[in-house]
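[1] Need the 3D shape of this:
(2 chains)
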Amino acid sequence: MNTRPLTPLLALILLVALVVTLFPIFWIVMTALKPPTDWNAAPAIWIPSEPTLINFLTLFDPEAIGAFGVGGISESATAAVFGSILTSTCATLISVGIGFFAAIGLSRYTRVNRFTPLFILSGRMFPPAAIAVPFVIIFSAIQLIDTYVGLIAIYVAITLPFATWMLKSFVDEVPREVEEAAMIDGQSRLMAHLTVTAPLIKGGLFATTLFIFILNWSEFLFALVLSYSNIETIPIRLAKYVTATAGTLFGVQAALAVLAMAPLIVAGFLIQKHLARGMTFGAVKR
Amino acid sequence: MKNHVSIQAACESFDAGLLPRRTFLKSLAALGATASVANYIASSPAGASTALATISGPEERAWALAKEMAAKADKKTLTLLIPTGSIGNMTPYADKWKDELGITLEFIEEPDEVVHTKGMQEAVAKTGRYDIMMPTAMSYPDWIDSGVIYDLTDWTEAYNPELFSPEFGVVFPASHHAQLYNGRVAGLLNDGDQITLLCRSDKMAQKAKAFEDAYGRPVGVPDTWKEYHELAQFFHDPDNGFFGSLEYRSRYYVKWMFMQRLMSKGMLYFDGDMNPTFNGDEGVAAIEDMLAVNEYLHPDAFSFTWSSNYNAFGRGEGFMNIVWPSGFKYSKAPSTGPATTGNIAATVMPADYTKSGEKLYAGLFCWGYGYAVSRYSENPELAYAYAQWMTSPTIGADAIPYLGGYSDPYRVNHMKAPTERLIETYSPEYLNTLYENMVNTVPDFCLPGGFEYQDALDKEIHAAMTSDKQPKQALDDAAQAVDRITRRVGREKVQASWLSLAQKLADPIKRASGADKWA
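    Numbers count the residues shown, from 1 in each chain, chains lettered A, B, ... in the order given. Sure, this is the predicted structure:
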């Protein structure tokens, strides 16, 4: 493979891009390691001289930060972390699962007109705020408000169009002939798609899964309006770290943000080979 | 010593039910014993109720009602929707409610900026998940109109929470505009969000002579906005990281800085026919005052939230600050106000002159949490009993000083006959200042569509502060937006509410604004 040499200009551009990309992460990590006295210090403290894990401990033991004279946190973040893992994982698996078969249907068995994929995406064209209250009313009536099932259902509904669209572009790139060959060898249509199509678009499946998971993981509005006290997710808990004695608890918020980022970074790292392929898959039309 | 024995005897008589509460408090006040009362009351989280359970006050009536309703209730939980950060004033009483009434208090915290929305959401969802909701006074009109909360008037008449008592009631006029909607009780206030002005007394002492040489008068807390400007100018020392004032210029907060100045000039937001009046000469002058002060403000003034503002002042980065009572608490406590503890001189908001040349002191009551009872509660009367009990003269006084809550003094006795814990938390001087400011206060837009009015004004004031618009243009645009809101919400409805509110302002404000002549 030909590689272009790294010119000084290119290196500079890359460096600037890296700084812009990584600085917020650096700042969040540093804030997560600062004691309360350093959160708002002026001038700002870039690297804490006495790094502490107190903010992380406070997430699961709200009393821990009392050692620094900060009180007023009433709940641990355990339920929020659990809620985020549960809703994001379930919603992502369901969304990608349904999206995969929808993509196959649209790509391989289409007798629908060319606007059908657009119609599927049209559900995402409404601003979420416009449909949040109707969902509240409907979900109240069917007893799904303040339940994980309700939140998962909403997340599936709002991410399925993306999953379908993304996966359709990957399926389109797989030659029909390989699936037909499998069918000639005796496989059913379903098995042919599961054993041939799915492995061939593995990169796309990983990329789509990660993308949908990020959407679900960071979703705020629906979680806010559909939750009362039985369910909670990380974005909702982040907004609640305000106390009368210390104002916004930037360090604790940062600690939870670091925890929230961690699984995405780890997942991205583990599947980066597939991710790179998935992101470029389908970029060139046959 | 003799005094101490007398106090002890009064307390014992009181506990035994031999003294009515008024007599008890009066006799202790006569003995100069507010501090002892506080100690007595403060000995346990629910000490006040131990002392007062035997007398006939709002606390006792509320407790009796709570007992009766708790016994009847199938659902043994009271669920409260509260703003994040306010729980500390309520949790000390949870065990008492559980142990003595069998009622579990469940708190659902939401970010303060979404509490209003959550209430409106409940109006359509009707889940019954909340028994009590804790909004600001601005939420009541919309919540009452949407049917999500009870009109509490019948209960207040039956159980008399003494909202308007001259000795123990909520300070007038907050007693009306922060609790009533169209003359009916919509919620019970638990938070005296009156803004006051703080100055650095140590800096004044250090530069007394230089100031007098420069301005020909002794240095002191500002009496007028002109003096405020001069002090900001004189003490502004950006080279040393010290700024004239820390007042807000950030979105969401900046409108209050404007509203305060507007009222100091004797102008309200609307006339008697609901036409906006803030875009007149006084409004433009208020904006120009603000622009003139901008150069002496802390560099973070355009991004301050209440917590970053309090922190900056506590670190010693400015000479003056306009704060809620919690800001005084912050500045007084060594942990949050390392540079300001012991160095604060508080005063009422500066005066200005009306068109007729009259000097006017006006305050601004902005925010102010209170308890409202959900229409969809399974135990609404029990919920009301909780609200009355928590906001009663003594339990309220007991609850306010707890850390981890937003509650600030709101009843007359909290300021005029404070407990020792209140004194320790605020200081007698500050409590007196707070009272003096609160008696001349003007409310937020406590009207139907109140949050929309505020947002419309805030957006334009901010545009004027950032020089995106000329003052007059910004105010005219705000007036247009406000007019649109009035038309959409319903002019007659808003006007009725506005007139009802304007009737219950302090006399000097009514006279200055002409509201005393409105039909």
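
[2] hey, let's count contacts and neighbours off CA atoms from now on
    Fine.

[3] Check the gap between the residue of chain B found nearest chain A and residue B:424 for me.
    Distances between chain B and chain A by CA to the nearest CA are smallest at residue B:85, namely 3.8 Å. For residue B:85, the distance to residue B:424 (CA to CA, to the nearest Å) stands at 21 Å.

[4] more crowded one of the two?
    Taking neighbours as other CA atoms under 10 Å in any protein chain shown, residue B:85 and residue B:424 compare with residue B:85 leading, 28 against 15.

[5] ok but that one is inside a strand, no?
    No. Per DSSP: H, G, I helix; E, B strand; the rest coil, residue B:85 lies outside any strand segment and is coil.

[6] nearest spatial neighbour of it, skipping sequence neighbours?
    Using CA to CA, 6 or more residues apart in numbering or on different chains and skipping residues adjacent in sequence, the residue nearest residue B:85 is residue A:243, 3.8 Å away.

[7] how about low-confidence regions in the stretch 151-286 of chain A?
    Along the stretch 151-286 of chain A, segments meeting pLDDT under 70 span A:276-286.

[8] who in it is up against chain B?
    A:225, A:228-229, A:239-248 (CA under 8 Å from any CA of the partner chain).

[9] ok, 6 Å please
    Neighbours of chain B within the stretch 151-286 of chain A, by CA under 6 Å from any CA of the partner chain: A:240, A:242, A:243, A:244, A:245, A:247.

[10] okay, now the residue in the stretch 151-286 of chain A positioned nearest to chain B: neighbour count?
    As assessed by CA to the nearest CA, chain B sits closest to residue A:243 within the stretch 151-286 of chain A, at 3.8 Å. Burial of residue A:243 is recorded as 25 neighbouring residues (other CA under 10 Å).

[11] what is it paired to in the beta sheet?
    Counting by DSSP bridges, residue A:243 forms beta bridges with residue A:247.

[12] Okay, residue B:103 and residue B:396: tell me how far apart.
    Residue B:103 is 20 Å from residue B:396, by CA to CA.

[13] And those two? Which one has more around it.
    residue B:396 (26 against 22).

[14] Please tell me how far residue A:143 sits from residue B:125.
    Distance of residue A:143 to residue B:125, given as CA to CA: 10 Å.

[15] now the most centrally placed residue in chain A, nearest residue through space, not along the chain?
    For chain A, residue A:214 is the residue whose C-alpha lies nearest the centre (CA atoms, centre = their mean; 0.9 Å). Of all residues not flanking residue A:214 in the chain, residue A:264 sits nearest, at 7.4 Å (CA to CA, 6+ apart).

[16] which residues make contact with the helix or strand the one you found falls within from outside it?
    Per DSSP states H and E: residue A:264 is located in helix A:250-270. With CA atoms under 6 Å, 6 or more residues apart in numbering or on different chains as the test, helix A:250-270 has contacts from A:28, A:31, A:32, A:55, A:56, A:238.

[17] re earlier: would the residue nearest to the centre of chain A count as being in a strand?
    No. Residue A:214: not assigned to a strand; according to three-state DSSP it is helix.

[18] more neighbours, residue A:143 and residue B:125?
    Here residue A:143 and residue B:125 are compared on neighbour count by other CA under 10 Å; more neighbours surround residue B:125, at 23 against 12.

[19] Residues of the stretch 351-500 of chain B that sit close to chain A?
    B:404, B:405, B:406.

[20] could you redo the last one with a cut-off of 8 Å?
    Within the stretch 351-500 of chain B, the residues that sit near chain A (CA under 8 Å from any CA) are B:403, B:404, B:405, B:406.

[21] Could you export those residues as JSON lines, including neighbour count, pLDDT and secondary structure?
    Shown next, in JSON lines, are those (neighbours: other CA atoms under 10 Å in any protein chain shown; pLDDT from 0 to 100; DSSP: H, G, I helix; E, B strand; the rest coil):
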{"residue": "B:403", "neighbour count": "21", "pLDDT": "76", "secondary structure": "coil"}
{"residue": "B:404", "neighbour count": "26", "pLDDT": "80", "secondary structure": "coil"}
{"residue": "B:405", "neighbour count": "25", "pLDDT": "86", "secondary structure": "coil"}
{"residue": "B:406", "neighbour count": "27", "pLDDT": "89", "secondary structure": "coil"}
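
[22] Distance from the helix or strand containing residue B:424 to the middle of the chain?
    Residue B:424 is part of helix B:420-426 when elements are defined by DSSP H and E. In terms of CA atoms, centre = their mean, to the nearest Å, the centre of helix B:420-426 is found 17 Å from the chain centre.

[23] How about stretch A:37-48?
    How far stretch A:37-48 lies from its chain's middle: 30 Å, per CA atoms, centre = their mean.
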